[in-house]
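Novice: sharing a model that was predicted from the sequence below.
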Amino acid sequence: MSAACSDSGGAGKVIADPIHGAIHLTQREVQVIDTPSFQRLRGLKQLAMAQSVFPNATHTRFAHSIGALGMMNRILGAARENGIEVPSEQREDLRLAALLHDVGHYPYSHLMEKVDSVVLTEDEVEGAAPPPREIDTTKTVYPRHEEVGRLIVTSQRDLIDAIGGAGHAKTVADIFTRTGSADPQLSKLIHSSFDIDRWDYLPRDSHAAGVPYGNVDIHYVLNNLRVSPEKIVGFSDKALAALEHFLLGRFFMRRVVYYHKTVYGLEEACRQLLRRLRDHYPNKYKIPLDGSAVEKLVRSDKLHSFTDAFVDTIVRKAAKHPGDDEEDAAIRALARAIHSRKPPKLLREVSVYEDRKHHAGTAFLQRCRSDLKKLSTDFSIPLGQFLLCSPKVELVRVPPEYSATQVTRLTRDDVTARAHKEEEEQIWVFRKDDVEPTSLLDFEPSLVSQWAKFFFQACRLYVVLEGPDADDKVLRLRNTVKDWGKS
Amino acid sequence: MDRKQIALKLAADGLGLDFKIGSFRDRLILQKAMYLVQAAGVHLGYHYQWYLHGPYSPSLTRDEYAVVADRAQGLDDSKGWTLDEQSRKRIEDLRVLVKPRKRADLARDLELLASVHFLITRQQVAKPGDDQQIADVLKRFGKDFGREDVKKARGELSERSLL
């Protein structure tokens, strides 16, 4: 993986990159990179807490963003070599969109972005709180990082000036957020199952973590790039094995690195901690209360300190959280586990390869929901120190299938929406002599098409404990739950 | 049912709407009613985009099916849960918009209200104050809503503090 990325389009700079080789930057790209709003990405670790298990995985969103630009340049170069010429104005927009596609990431990336979807253990467990339990729908949810990126690109003065004005900034943001006015095929190069984002992070994360799964054959795939008369970007069927290798590599990276039991346990502890602090101590810890507060923050000067250190400071403070009730104890325990890297202990994991909604893993989760309250009481451990989670990994993301009876009731809007979703996730393959491509999922000789309906899921129960008798308690807890979910 | 689906079911209950998705009309009513609930500041977490029949959320459709499938098996996890007081009050204020009438009329009225709200608040028309321009957009999508319908819808939305 040492192909040089050229096409700097004028006097700029060259960055040496371990994945793509030399990445040439135009003057405008250098100006964008030099803004405080972009430099913030140096403070966001690409793999959040994975470095607690994979010590070298400390690379940042900054490096990945420049790598995404390098990847975009390679794709544009491959397109040109295959007789597909993209107009120079569009090339510039695409390169800038690639560079800025992650500018809206939260501290610890997806960890903080997904705080709204965290379910606190006591809300999941039967008998933990007397009904009626309340769902607060007065607050807006945190916006997705692409939307935050759009706000930053179109409202932070330093970026608007560096990009060349508000109009140009909007065009670039439209590409990486896939909004109406952007060319859908161009947007797809930024976000889809097969895009510059994934083509950079897979080899980069794998290289940093020291695992081999991202060692995919980018050269061969790019050499087989094709575009149909309808402007659909795809690949010759000669590259089928390399494409499958890419998808399998991504699957194993998630299974082995991103969802590693210790990494995931620490990240889940952090998610639950942030959710507790935000909802129960809104003023004390200064975590944005809701989506509107995030939008206000990223439009202001406070954006530049909205980095991993923002969360680290909160965790440090929470490790000394005062108070004597169960909630206070849980907050302290979660914070100390993260701060001093004493990861949550896995009590039991039921992992499955499945294509059904109900399986051995869901039976285990159900048992946890019904019996965890009693376990918490028997062992005198606050319920909030138990973590229940079930990360799921798919080979490819396929929109949900409707049953035969449901299909008869679908409206045109349903069908259109599903088609759009399918289109986004689609990888197109050109059979020999075919002018228009076929979806990889409909490609019979493909292993991926055969396995697309299966997923891997790890249903896990952790506990966060400290103190001299912690190891003994963990052993006894493991012994108690070892048969949970077995029929 | 996950938390989002429970909130959806509670919102429909709060409006006094049957959770039915058997026909196109049932689904349209649920889609547009939940759009208006969100417009009133009850954040259920559904992202709407413009489709043939106005604002539409694919993830809401998925959740509708999930709720109905659970209920068909006798499961209703929304029991024992409630929305916060402010949201309950906001939904209560919207009940008048879905008061019982012919399903066809209800579907038409809700589609108009949701569509006008979407076009105005998302600034999808050059002059959001121009009822005729909004009516023209709706006509392009084959709707028989005229300027007077749009004006009436705007009045209703303003009266409910949705604009």
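Specialist: Great, that's in hand.
Novice: contacts and neighbour counts: CA atoms only from here.
Specialist: OK.
Novice: quick check: neighbours of the helix or strand bottoming out on mean pLDDT in chain B in the sheet, parallel or antiparallel?
Specialist: The helix or strand of chain B with the lowest confidence, counting by mean pLDDT, DSSP states H and E, is strand B:49-51 at a mean of 80. Strand pairing for strand B:49-51, determined by DSSP bridges: strand B:54-56 (antiparallel).
Novice: ok, and what's touching the partner strand?
Specialist: A:413, B:31-32, B:35, B:48-50, B:111, B:114-115, B:118 (CA atoms under 8 Å, 6 or more residues apart in numbering or on different chains).
Novice: residue nearest the centroid of chain A?
Specialist: A:H110 (5.3 Å; CA atoms, centre = their mean).
Novice: ok now stretch A:285-301, how far from the chain's centre?
Specialist: When distances are taken as CA atoms, centre = their mean, to the nearest Å, stretch A:285-301 is centred 21 Å away from the chain's centroid.
Novice: in that stretch, what counts as buried?
Specialist: Neighbour-count burial for stretch A:285-301 flags A:285, A:287-291, A:294-295, A:297-299 (criterion: 16 or more other CA atoms under 10 Å in any protein chain shown).
Novice: how about the residues of the stretch 101-250 of chain A that lie near chain B?
Specialist: Selection of the stretch 101-250 of chain A residues close to chain B by CA under 8 Å from any CA of the partner chain yields A:131-141.
Novice: I would like a PyMOL command selecting only the buried ones among the residues you listed, please.
Specialist: Per 16+ other CA under 10 Å, the buried members of these correspond to this PyMOL selection:
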select buried, chain A and resi 135+136+137+138+139+140+141
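Novice: sort out for me which of the residues of the stretch 101-250 of chain A next to chain B are in strands.
Specialist: A:133-135 (DSSP state E).
Novice: which of the residues of the stretch 101-250 of chain A next to chain B sits closest to A:E85?
Specialist: Nearest to A:E85, judged by CA to CA, of these is A:V141 at 41.2 Å.
Novice: count of neighbours near A:Q31?
Specialist: When neighbours are counted by other CA atoms under 10 Å in any protein chain shown, A:Q31 registers 17.
Novice: for the residue lying closest to A:S155 once chain neighbours are set aside, give its distance to chain B.
Specialist: Excluding the flanking residues, the one nearest A:S155 by CA to CA, 6 or more residues apart in numbering or on different chains is A:R299, at 6.1 Å. Per CA to the nearest CA, to the nearest Å, A:R299 is found 20 Å from chain B.
Novice: now do A:R157
Specialist: A:R157 is 23 Å from chain B, by CA to the nearest CA.
Novice: pLDDT score for that residue?
Specialist: Looking at A:R157, its pLDDT stands at 97.
Novice: remind me what the longest helix along chain B packs against, helices and strands.
Specialist: As assigned by DSSP state H, the longest helix anywhere in chain B is helix B:103-121. Packing contacts for helix B:103-121, counted by 3 or more CA pairs under 8 Å, 6 or more residues apart in numbering or on different chains; DSSP states H and E, involve helix B:24-39, strand B:54-56, helix B:147-159.
Novice: give me that answer again for 10 Å
Specialist: Using 3 or more CA pairs under 10 Å, 6 or more residues apart in numbering or on different chains; DSSP states H and E, the elements in contact with helix B:103-121 are helix B:24-39, strand B:49-51, strand B:54-56, helix B:131-140, helix B:147-159.
Novice: also compute the angle for that helix relative to helix B:131-140, please.
Specialist: Interaxial angle, helix B:103-121 versus helix B:131-140 (axes from the mean of the first three to the mean of the last three CA atoms, to 10 degrees): 120 degrees.
Novice: so helix B:103-121 versus helix B:147-159, what angle?
Specialist: Using the same axes, to 10 degrees: helix B:103-121 against helix B:147-159 is 80 degrees.
Novice: which parts of helix B:103-121 are buried?
Specialist: Going by neighbour count (16+ other CA under 10 Å), the buried part of helix B:103-121 is B:106-120.
Novice: could you give the mean pLDDT of it?
Specialist: Computed over helix B:103-121, the mean pLDDT rounds to 93.
Novice: CA atoms only for the one helix or strand A:G361 maps to, dumped as CSV, please.
Specialist: For A:G361, the host element (DSSP states H and E) is helix A:360-378. C-alpha atoms of helix A:360-378 as CSV (Å, rounded to 0.1, in the frame of the first residue of the first chain):
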residue,chain,number,x,y,z
ALA,A,360,-29.8,-18.2,22.5
GLY,A,361,-28.4,-14.7,23.0
THR,A,362,-31.8,-13.1,23.3
ALA,A,363,-32.9,-15.8,25.7
PHE,A,364,-29.8,-14.9,27.9
LEU,A,365,-30.7,-11.2,27.7
GLN,A,366,-34.3,-12.0,28.7
ARG,A,367,-33.0,-13.9,31.7
CYS,A,368,-30.8,-11.0,32.7
ARG,A,369,-33.8,-8.6,32.5
SER,A,370,-35.9,-10.8,34.8
ASP,A,371,-33.2,-11.8,37.3
LEU,A,372,-30.7,-9.0,37.5
LYS,A,373,-32.5,-7.1,40.2
LYS,A,374,-32.3,-10.1,42.5
LEU,A,375,-28.7,-10.6,41.7
SER,A,376,-28.0,-7.0,42.5
THR,A,377,-29.7,-7.3,45.8
ASP,A,378,-28.1,-10.7,46.7
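Novice: still on that earlier bit, by pLDDT, give me the weakest of the ones in strands among the residues of the stretch 101-250 of chain A next to chain B.
Specialist: Lowest confidence among those: A:R133, with 75.
Novice: isn't it right up against B:T82?
Specialist: Yes. A:R133 is within contact range of B:T82, at 5.9 Å (criterion: CA atoms under 10 Å).
Novice: test my guess that A:T58 contacts A:L44.
Specialist: Yes. Between A:T58 and A:L44 there is a contact at 9.3 Å, judged by CA under 10 Å.
Novice: does chain A sit close to stretch B:19-34?
Specialist: Yes. Stretch B:19-34 lies within reach of chain A by CA under 10 Å from any CA of the partner chain, at B:21-25, B:27-28.
Novice: now distance to A:R91 too, for the residues of the stretch 101-250 of chain A next to chain B, in JSON lines please.
Specialist: Below are those laid out as JSON lines (distance: CA to CA, whole Å):
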{"residue": "A:P131", "distance to A:R91": "57"}
{"residue": "A:P132", "distance to A:R91": "56"}
{"residue": "A:R133", "distance to A:R91": "53"}
{"residue": "A:E134", "distance to A:R91": "50"}
{"residue": "A:I135", "distance to A:R91": "47"}
{"residue": "A:D136", "distance to A:R91": "45"}
{"residue": "A:T137", "distance to A:R91": "43"}
{"residue": "A:T138", "distance to A:R91": "43"}
{"residue": "A:K139", "distance to A:R91": "40"}
{"residue": "A:T140", "distance to A:R91": "36"}
{"residue": "A:V141", "distance to A:R91": "34"}
